[in-house]
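[1] Got a predicted structure plus its sequence, pasted below:
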Amino acid sequence: MSESQSGGTKAGTVRGEDEVVDLCRDLIRIDTSNYGPDHSGPGERAAAEYVAEKLAEVGLEPQIFESRKGRASTVARIEGEDPSRPALLIHGHTDVVPANAEDWTHHPFSGEIVDDCVWGRGAVDMKDMDVMTLAVVRERLRIGRKPRATSCSPFLADEEAGGVFGARHLVNNHPDLFEGVTEAIGEVGGFSFTVNEDLRLYLIETAQKGMHWMRLTVDGTAGHGSMTNNDNAITELSEAVGRLGRHKFPIRVTKTVRSFLDELSDALGTPLDPDNMDETLAKLGGIAKLIGATLQNTAAPTMLGAGYKVNVIPGQATAHVDGRFLPGLEDEFLADLDRILGPKVKREDVHADKALETTFDGALVDAMQSALKAEDPIARAVPYCLSGGTDAKSFDDLGIRCFGFAPLKLPPELDFAGMFHGVDERVPVDGLKFGVRVLDRF
């Protein structure tokens with residue numbers, strides 16, 4: 001690779017902006033649906049091979065790691081100009097949650113361009129960031145424009161099921177891949193929220209909730225459906241699940257949420273009261289879905305199972321719950337769960353992981369703000385807490401400080417938050433090109 005060059009792209013060289021849309025369409029067309037640990041299709045391996053091919057075309061030597069059949073991740077390392085600088089991790093995942101094509105306006109794995117958007121499962125979660133990263137890396141290496149610091153770019157499997165066969169596998173079995181890395185950027189941050197014509201906030205993820213994906217079990221007395229049974233497992237479990245599903249956990253304003261509300265209050269010119277959540281969320285528009293759940297712990301019942309015949313009372317009933325807790329509040333969350341569920345309900349984790357929180361400062365944050373403002377003069381970067389979780393949880397185990405920064409300038413009317421795991425997921429073409437320019441500057 002030649003020394004870095006100042007100035008623009010060489011004549012005749014394909015720019016990242018010019019190919020990012022095609023890369024996005026290609027990757028969306030690879031069905032990488034993740035149905036859980038025992039139900040992965042061939043898509044993750046195909047996506048890993050696609051990414052590896054695109055990186056190899058510009059002179060890199062990417063490695064593919066397959067943790068089990070079909071669960072494949074691609075990792076590339078790009079040497080920087082200054083080997084003494086700490087390395088940067090830019091991570092993304094290629095798997096997606098399943099999609100039912102009958103529910104969609106345009107097929108979820110078609111990658112169609114309609115209304116100036118690329119449509120498809122993964123368009124915002126998170127193949128957009130994958131291809132923006134690919135586009136920037138490919139352009140820079142084609143013209144020999146090295147980054148200042150070394151960067152490591154893993155494109156990971158299995159994030160949508162907790163990352164056990166993706167990020168967690170690499171961290172546990174190949175930690176040397178991340179040697180020298182001190183900070184990282186990944187998904188669900190850097191997207192815009194338009195306040196007015198003079199101000200656009202870009203939400204940078206500095207914290208995320210922890211998770212307890214749980215199986216609830218009640219054992220009762222099996223018997224004939226025609227008889228009275230005061231030890232019916234379905235009845236006991238249903239009542240417990242109903243209590244949990246309707247429970248309003250107390251408002252808890254963490255440091256990151258307080259910072260976000262203060263920034264937003266200043267931007268809106270009006271106070272925001274976290275103790276009056278309905279009024280506060282009404283002022284947040286389309287991002288209310290993302291922010292609302294960061295004001296409290298949550299536990300959402302998601303699956304039920306019991307019985308095998310209409311005239312047989314089963315001896316056991318089960319339910320699954322997606323539990324999320326705020327940084328520093330895990331013990332309170334678990335104690336609340338046990339109190340709500342009661343003594344007859346057995347609770348066990350299917351998957352659990354920690355909450356994360358870092359401060360909104362340092363050279364990396366300055367670089368985010370600078371890169372955003374260069375492309376959008378009315379940009380202001382602000383910290384926020386993610387209600388979900390990402391592969392950052394695994395990289396934190398290596399002492400890597402993680403942020404969510406996948407920059408997108410979005411139309412104010414687009415329900416960005418609603419498209420995560422939703423129907424008719426899509427990303428604006430201009431947003432992808434904007435993200436390429438910002439990431440390149442960053």
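    Done, it's in.
[2] Let me see the contact set for the residue lying closest to residue 354 once chain neighbours are set aside.
    Using C-beta to C-beta, 6 or more residues apart in numbering and skipping the chain neighbours, the partner closest in space to residue 354 is residue 210 (4.9 Å). For glycine as for every other residue, the C-beta is placed from the backbone atoms N, C-alpha and C. Residue 210 sits next to 324-327, 330, 352-356, 389, 393 when contact means C-beta atoms under 8 Å, 6 or more residues apart in numbering.
[3] Secondary structure, pLDDT and distance to residue 276 added to those, as CSV?
    Formatted as CSV, those follow (DSSP: H, G, I helix; E, B strand; the rest coil; pLDDT from 0 to 100; distance: C-beta to C-beta, whole Å):
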residue, secondary structure, pLDDT, distance to residue 276
324, strand, 97, 22
325, strand, 97, 23
326, coil, 97, 19
327, coil, 97, 23
330, helix, 98, 26
352, strand, 95, 32
353, strand, 95, 31
354, coil, 96, 30
355, coil, 97, 25
356, strand, 97, 28
389, coil, 93, 28
393, helix, 97, 32
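[4] ok, and the most crowded of these?
    Within those, most neighbours by other C-beta atoms under 10 Å means residue 326, with 28 neighbours.
[5] for that residue, what are its contacts?
    For residue 326, the contact set (C-beta under 8 Å, 6+ apart) comprises 209-210, 252, 254, 294, 296-297, 333, 355, 385.
[6] Report the separation between residue 284 and residue 274.
    According to C-beta to C-beta, to the nearest Å, residue 284 stands 12 Å off from residue 274.
[7] Likewise for residue 315?
    45 Å.
[8] beta partners for the residue nearest to residue 354?
    Beta-bridge partners for residue 210, by DSSP bridges, are residue 325.
[9] where do the helices sit along the chain?
    Counting by DSSP state H, the chain has helices at residues 16-29, 43-56, 127-143, 167-173, 233-246, 255-268, 277-282, 288-292, 330-341, 363-375, 392-396, 429-441.
[10] Identify all contacting residues around the last one.
    Okay, so that is helix 429-441. Outside helix 429-441, the residues touching it (C-beta under 8 Å, 6+ apart) are 16-17, 20-21, 24, 113, 116-118, 128-129, 131-133, 135-136, 139-140, 190, 370-372, 374-376, 406-410.
[11] got it, and the fourth one?
    Contacts to helix 167-173, defined as C-beta under 8 Å, 6+ apart, come from residues 65, 67, 71, 73, 75, 91, 93, 154, 156, 158-159, 162, 177-178, 391, 393-395, 397-398.
[12] And the pLDDT at the closest residue to residue 114 other than its chain neighbours?
    Sequence neighbours aside, residue 106 is the residue nearest to residue 114 in space, at 5.9 Å (criterion: C-beta to C-beta, 6+ apart). The per-residue pLDDT reported for residue 106 equals 97.
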